[in-house]
Each structure stands twice: as C-alpha cells, then as structure tokens.
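**Student:** fold the following, please.
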Amino acid sequence: MKRIVFIGLLFFVLGNCGFAQQNIIDSLKNELVLAKQDTLKVLILSDIGRAFQRIDLDSTIHYAEKALSLSKKAAYKSGRFNGDLGHSFRWAGNFPKAFQYMFEGLRIATKERDIPLIGLLENSIAIVYSQLEDNPNAIIHQKKAIEAFEEEGNDNSAINSTLNLGRGYRRNLQFDSAAICFQKVYKELDTFKNTSMHAFFFMEMGQLEFQKNNHERAFEFLRESMAISEMLDNKFFNAFANNAMAVFFKSLNQIDSSIHYAENAYLLSEQINDKYNLLEAADLLADLYQSKGSEKANFYLNKVIQLNNELYGSKKVQELQKTLAAEQARQRLEEEVSLTREYKLKQYGFLAGLFFLVLVAFLLYRNNRLKHKDNLLLQKQKEEVEYQKHLAEDALSNLKSTQAQLIQSEKMASLGELTAGIAHEIQNPLNFVNNFSEVSEEMIKEIKDERLKTKDQRDEALEDEILSDIEQNLRKINHHGNRASSIVKGMLEHSRTSSGKKELIDINALADEYLRLAYHGLIAKAKSFNADFKTDFDSTLPKVEVVNQEMGRVLLNLINNAFQAVSEEREQRKAIGDLDYKPLVSIKTQLITNNQLQATITDNGSGIPDAIKDKIFQPFFTTKDTGKGTGLGLSLAYNIVKAHGGEIQVESVEGEGSEFKIILPI
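**Tutor:** Next up, the predicted model:
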C-alpha cells in the first residue's frame, strides 16, 4: 500500500512527462497482478486510469469503470471512484456522463463526511459548468469547493479553487470580484513558483486585462503563461494561453499572428485530446481563414461542426437535461424525506407533550383540593399573557408611528439642508438679474437723451449699439431668471411626495446640481465651513430611468455626509496643529458595463471604522450625537437604490477617507 501512495505522488509530480508516465503505468500494472485484496486492487485500478489521462482517454475510462465496479462488489464505499470516472468523461467531452458520476460521488462523499473529496468533486462540477458556459452555477459550486478545502485545511487546493472562482467571475463580467480573487492568489503565488498553477494565474490575468482593454499588460501576462507552460511541457495550459493570445491578436486585426497562435492551440489540444480547447481553436481558425478567403476555412468549419456535435449535440443536450433534471428531482426527494422526518419528530414531540399533559391532568385530578387554586392561577396567567400581548401590540403600533415620523423627519431635514443651499445658490442669478436690470435702465435713459437731440445731432449708430446691448442684457436676465426658476422648481420637486413615476434623466446634471446645493447649504449654515470639490463626469453617459426626487435624495444624503466628514476631519486636525490638510469631495460618473453606470462619491475625511461598516445601512444606526441624526439617511438611500434595481457599495479606510459607489442599470 505504501508503494501505491509513493507511485501516486510520483505521478502527480511528473505530470505530462510521457516516458516517466509510461513507467508509472507499467509499475502500477505489476502491482495489480501482485495485489490480493480487492480494496487494494480498486486503488491501483484508479491510479492506472488517472495515469492514462493525458495519454489515452479510452484507457482512462476503461480502468476507471473497472475500479468503480470492483469497489461496489467489495463494498468499498468511496465517492472517489465515481469522481475519477466523472473526471474522465469530462476530459472526453461527455458532460452528461461527467455530471452523472460526479453527482453520485458527491452524494457518497457527503454521506461519509469525506471533506477533502467533497472539495475535489465540487471543484470538478464547477469546471464542467464553466465549460458549459453556465458561469453562475460554476461560481456557486466553486465557493462550496473553497469552503470544503478551508475546512480541511488544504490551503493549496483552496487557492487553486479561488483562482477558478476568479475565472468564473471574469467570464461572468464581474471584473471587481475577479480581481479580488486574483489578488488573494497573487499573495500566495510564490508557493506555486514555476508550476502549472503559476501558468494558469498569468493566463487568467492576461484575459482579464484583455477584457478591460489593457492590451499591453494582457500581452505580457499571456506571454509569461506560455513560457511557463512550455517549460513544464504542460500542453493543457499552453493550449489555453495560445487560444487567448489568438483572440488577443484577432481583436487587433493582426490576422497572421492570430492564425499562428490558434494553430499552436489546435495542435496542442489535439495532442492531449482536449476537445474543449480544440473546439475554441478550430472556431477561431475557421473565422480567420474565412476572412482571408482561404480554403482551409472549410476544413476547420467541418471540425467545428464535428466537435459541436460531440460536445453539445442535440443528443448530448437531451442527456444533459435528463441528468440535471434527475439530480434536481433527487435533491427535491431528499428535501421531502428530510421534511417528512422532521414532521415525524414533531409528531413524536407532540405525542410526548400530550402524554405529559395527560399525566398533569391525572395529577390534578388526584389533587382535587388544589384544583380551584390552580385554575385561578392559570386564569391569572392567561390574563397576564393577554395584557402583555396588548402591551406588545401597542408598542409595535407606537414603533411604526415613530418610524414613519422619523422617516418624514429625515426627509424634512434633507429639505432643510437643500433649502439652505438654494437660498445661497439662488442669490447669484438674482444678483445678475438686478445688475443687468439697472444697467439696462441706464441704457434706456441714454437712448431717450439721444432722441431728444435734433436729427442732425443724433447718433443712430450709438442708438443701435445701445439697443443691441439692451437686447443682450434682456437675454441674460431671462437666462438667470430661468436659472432661479429651475432651482426653485428643484426644491419643490424635492419637497413634494414622490409619485413613484420614473423618467429619463441626465445623472451628470443631477449630481452636479445637488453637489452645488449641498455645498452652498453647508456654507449658509456654517460660515467656518471650508472644503473643495471636483467633478469628473463622463459626457457620453446615456440617460438613466429613475424617480427624480428619490435619486436626488440619495445624492444629497451621500454628498452631505461626505462634506460633513471632511469638515469634521479638518476641525480635528486643526485642533492638533495640522494646517496642511485640504478637505476634498469628488464625484465621478462612468460606464462600467454595457448596461450599468456608476456614480462614485469620494472624500478624504476620517473614514468609517471596520467595526461599523456592516451596520451603516441599518435603519436607526447613527454615529451622530443624540438629536443630530435619525440614522435613516443611509438606510433610505440604500432602499431607494435597491428599488431601482441597483446597489450601493462602500469602501473606506479609517483615517484616509471613504468611497460610496451608486451602481444603476441603464
């Protein structure tokens, strides 16, 4: 048995080295001849199957099936052999069979509480979902794999699954989540120096940078991945990297370079019978040669059709649907069995309770002299319960009323801050109106004086010039009057109860409006207030459909919080003699995906302590002194954005500042 373990480890280290791999297979076959115990034979057959994995898939499946069959006869309960067979069918491109055996192995592993095997099988199931481009399910199962590996204490496998999880996020266009996973892997990368894991990491980073249009960095990562794969003679990851490089050059319209890498990927995939990468390479080559008008396009197009039929043909799809439906039905049946068991336990509990009540009744019957007293006591307790219930209902009613009042108070506080800003902001257009009116009045007087002169003395050119100036002044008066009117209209809309009707708005204009109103509102409230602000608006953003007043409340609340944070930080620094601090609030808008835009509000204030980050969106949670805040501002903002199908994210470092991201669907 020790020899078998040694051989298995040797195979793991040598990887794809063909000569050494064949020696391992021969050694395992000799061990199989000498083995007497069925359980030992099962282990050897399983190792032989895995040794054939990169050489001959038919042999891999043959030995895996023999190992599984013998394990059932020997009553050797281990989901490992089902997992081996499922893994073999995955390599062969038979996804329905792969799922069938993997799910069966997972059931056995779960029943036996084999945590390491649960991790391996969840990882394999996630990979199959990934190859079927079902990224959400791939992410779900990869998370389960990481949980199992972490429970086992297998850090290396957990890191490998974290890299696979990042791949799922990347393919699902969740680039921020993918970057977080890759960052975790990068911290542990030295542990996997010059290994397949190293090559896999650089390949994924290259594809992430490519999707983010960072072509130069993408090229560097992919080239590094290919170099490591070639050094290790790892044709699998080398094929992956060549495919990625081919896509990279195709996007740059460098057709010859793209063909070169796609053909490399095709040959490497063909050598190891990796149908998944082979299909991707053939599809690329068919498209590339077709763009050049080459006859080779037909060869690769036929190959694409053949591989598509093998991997995703109608028969395979039906089998896959049948397998997944059977697994879902089995899970539902298990849930029903679990519920039935729970129901029976409740029944037993009820019967036990009933027996207890009968016993109590019997005791009460025997103690008839105490019955009257006990009844009075029970009646009193019942009345107490009813009284407590009544109090609880009153308290709940009062709580709801108080909550509604607090929400209205929060809205009125927001309106008050807005009004202060409007009073300050509206002063500018009113000053312009007054100034241009006075100037126009003087100009009219000049024209009257000019017209009192004789015809020979009158300067008609001067009259025309004055009339032109008056016309310009009237336009400016009209412009600034409309400006004041729009500010007042905005205040009325903010104060009016929301109709809930959505309309298309320019998020840049809305953010700019409330930034300035919030700024001037704070200046009006506190003359000592001093802070700077800047904007970085993406002028190409499409309009977004929102409830105008509600989204205005969200922006006003977050901007006010940002200004208050930098103002408090300034006062604290000023108290300790730090006069170099410059308060700054920034707003940036950008398109993050084809159907999402993001507004980011950043401040360099004191930041949010880690201890309360998870609580800031909870209703009534506030860090302000009593009477200075209801704790509903961020809660209302969070609920408003959620109701619009978006989300609010917060990143903060204590002592450095905070960043709130409003993500909205387009």
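**Student:** run the chain-centre distance for stretch 579-596.
**Tutor:** 20 Å (C-alpha atoms, centre = their mean, to the nearest Å).
**Student:** also stretch 536-549?
**Tutor:** With C-alpha atoms, centre = their mean, you get 22 Å for stretch 536-549.
**Student:** end to end, how far does it reach?
**Tutor:** 23 Å (C-alpha to C-alpha, to the nearest Å).
**Student:** report the buried residues of that stretch.
**Tutor:** 537, 541, 544, 546-549 (16 or more other C-beta atoms under 10 Å). Using the backbone N, CA and C atoms, a C-beta is placed for each residue, glycine as well.
**Student:** need the helices for the stretch 1-150 of the chain, in chain order.
**Tutor:** For the stretch 1-150 of the chain, helices defined by DSSP state H, counting those that start in this stretch occupy the ranges 2-14, 18-34, 38-51, 57-73, 80-91, 95-112, 115-131, 135-152.
**Student:** which of those helices comes out lowest on mean pLDDT?
**Tutor:** Note on those: helix 2-14 shows the lowest mean pLDDT, a mean of 42.
**Student:** ok, the closest residue to Glu188 other than its chain neighbours - contacts?
**Tutor:** The shortest distance from Glu188 to any non-neighbouring residue, by C-beta to C-beta, 6 or more residues apart in numbering, is to Ile159 (5.0 Å). Applying C-beta atoms under 8 Å, 6 or more residues apart in numbering, we find Ile159 in contact with 184-185, 188, 191-192, 197.
**Student:** same check on Ile259?
**Tutor:** Per C-beta under 8 Å, 6+ apart, neighbours of Ile259: 246, 285, 288-289.
**Student:** hmm, back to that, so how far is Gln590 from the residue nearest to Glu188?
**Tutor:** Remark: distance between Ile159 and Gln590 (C-beta to C-beta, to the nearest Å) = 32 Å.
**Student:** also Glu230?
**Tutor:** 39 Å.
**Student:** pLDDT at Leu418, what is it?
**Tutor:** pLDDT, read off for Leu418, is 55.
**Student:** re earlier: which of the buried residues of stretch 536-549 fall within helices?
**Tutor:** Taking DSSP state H as the definition of helices, the buried residues of stretch 536-549 contribute 548-549.
**Student:** put together JSON lines for the buried residues of stretch 536-549, with distance to Lys72 and pLDDT on each row.
**Tutor:** Converted to JSON lines, those look like this (distance: C-beta to C-beta, whole Å; pLDDT from 0 to 100):
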{"residue": "Phe537", "distance to Lys72": "67", "pLDDT": "95"}
{"residue": "Leu541", "distance to Lys72": "62", "pLDDT": "94"}
{"residue": "Val544", "distance to Lys72": "59", "pLDDT": "94"}
{"residue": "Val546", "distance to Lys72": "60", "pLDDT": "92"}
{"residue": "Val547", "distance to Lys72": "62", "pLDDT": "89"}
{"residue": "Asn548", "distance to Lys72": "67", "pLDDT": "86"}
{"residue": "Gln549", "distance to Lys72": "67", "pLDDT": "83"}
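**Student:** okay, the buried residues of stretch 536-549 in JSON lines with distance to Glu471 next?
**Tutor:** Shown next, in JSON lines, are these (distance: C-beta to C-beta, whole Å):
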{"residue": "Phe537", "distance to Glu471": "33"}
{"residue": "Leu541", "distance to Glu471": "36"}
{"residue": "Val544", "distance to Glu471": "38"}
{"residue": "Val546", "distance to Glu471": "39"}
{"residue": "Val547", "distance to Glu471": "40"}
{"residue": "Asn548", "distance to Glu471": "35"}
{"residue": "Gln549", "distance to Glu471": "37"}
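**Student:** quick one: which of the buried residues of stretch 536-549 is nearest Leu132?
**Tutor:** Val544 (33.8 Å; C-beta to C-beta).
**Student:** what pairs with the closest one across the strands?
**Tutor:** Ile505 (DSSP bridges).
**Student:** I'd assumed Leu510 was in contact with Met551.
**Tutor:** Yes: with contact defined as C-beta atoms under 8 Å, Met551 reaches Leu510; the gap is 6.5 Å.
**Student:** who has more neighbours out of those two?
**Tutor:** Higher neighbour count among Met551 and Leu510: Met551, with 25 against 20, using other C-beta atoms under 10 Å.
**Student:** how about stretch 148-161: buried residues?
**Tutor:** Quick answer for stretch 148-161 (16+ other C-beta under 10 Å): 148-150, 152, 154, 157-161.
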